[in-house]
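please find the sequence and the predicted model below.
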Amino acid sequence: MSNGVVIVTGASRGIGEAIARELAAAGYRLALVARSAEKLQELAAELGADQDVLAFPGDISEFDDVQRIVKEVHEKFGEIFGLVNNAGMTRDGLLMRMSPENWQAPIDINLNGTFYFTRAVAPIMMRARNGRIINISSVIGLTGNAGQANYAASKAGIIALTKSVAKELGSRGVTSNAVAPGFIATDMTADLPEKVQAEMLAQIPLKRLGEGKDVAGVVKFLLSPEASYITGQTLVVDGGMIA
Ligand code: NAP
């Protein structure tokens with residue numbers, strides 16, 4: 001299936017861009033999704049020589065946008081083999097000061113966006129009796145974190161969604177797995193104060209921050225024939241941080 005079609009959300013930078021690069025190099029045809037149309041188009045042009053990689057700009061927290069994107073991908077490419085729900089965001093703050101709006105933002109994008117895309121591709125994958133859904137959660141969804149109650153809840157929700165989808169769609173040949181990265185060097189983590197970054201590093205037995213390609217390699221494995229009997233699982237990619 002290495003020439004199958006894979007949708008990658010949040011592909012405009014960070015881990016999503018690394019996943020897009022890894023999968024393009026492995027021969028997958030790609031539908032790249034994010035809100036920054038220009039960045040996506042630049043990446044699509046760089047990776048896809050002959051229309052094998054296309055940009056589909058949109059907001060994953062809008063159900064209508066997601067329905068439109070999946071319809072367009074289906075029309076342009078045909079069958080959809082893989083979905084990588086990677087787009088995500090943080091809105092950190094202590095619980096006692098967290099407004100309902102700040103609680104809701106990561107739920108809308110991280111959790112609802114993952115549900116919307118899964119909901120939209122499921123009928124296509126079920127009809128084909130073939131499909132791989134890979135959701136990027138986080139170690140924070142497993143451990144919780146002070147100052148990240150909203151993000152942690154969204155990422156734990158993704159793990160429960162992943163397992164439920166594995167149980168619902170397994171009989172139709174569709175697998176559903178999550179990847180839980182630890183501390184990966186991207187825009188999302190670059191803003192953290194140096195002291196916090198040093199503290200995080202001290203907790204990582206492998207003594208380095210993760211890179212996008214550390215996560216991308218695991219996503220590639222989950223799309224491969226070797227992973228066809230794995231479903232409902234969460235693979236932690238964190239240099240041993242929560243081991
Ligand atoms: P990032 O550098 O901030 O990139 C986030 C990506 O998501 C961007 O491409 C962004 O594109 C897209 N995005 C955000 N909101 C969107 C929306 N409403 N609609 C469409 N696209 C949206 O983050 P990252 O570090 O690569 O993280 C990628 C994923 O890994 C996230 O789910 C994150 O929670 C997870 N993760 C990251 C780490 C880490 O240490 N970095 C650790 C664990 C888990 P636009 O802004 O162009 O829309």
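On my side now, so go ahead.

please enumerate the helices of this structure.
14-25, 37-47, 63-77, 100-106, 113-128, 140-143, 149-169, 187-190, 194-202, 212-223 (DSSP state H).

pull the fourth one out as PDB, backbone CA atoms only.
This means helix 100-106. In PDB, the C-alpha atoms belonging to helix 100-106 read as follows (Å, rounded to 0.1, in the frame of the first residue of the first chain):
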ATOM      1  CA  PRO A 100     -14.600  27.800  29.600                       C
ATOM      2  CA  GLU A 101     -13.300  29.200  26.200                       C
ATOM      3  CA  ASN A 102      -9.700  28.100  27.000                       C
ATOM      4  CA  TRP A 103     -11.000  24.700  28.200                       C
ATOM      5  CA  GLN A 104     -12.900  24.300  24.900                       C
ATOM      6  CA  ALA A 105     -10.200  25.300  22.400                       C
ATOM      7  CA  PRO A 106      -8.100  22.100  22.500                       C
END
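
in it, what's buried?
Residues of helix 100-106 classed as buried: Trp103, Gln104, Ala105, Pro106 (neighbour count, 16 or more other CB atoms under 10 Å). In short, each C-beta sits where N, CA and C put it, glycine included.

check the spatially most central residue of the chain and give its pLDDT.
Nearest residue to the geometric centre of the chain (CA atoms, centre = their mean): Asn86, 1.7 Å. Looking at Asn86, its pLDDT is 98.

so what's it up against?
Val8, Thr9, Gly10, Ala11, Ile15, Gly16, Ile19, Ile136 (CB atoms under 8 Å, 6 or more residues apart in numbering).

any idea how far the fourth one lies from the ligand?
Distance of Ala11 to the ligand, computed by CB to the nearest ligand atom, to the nearest Å: 6 Å.
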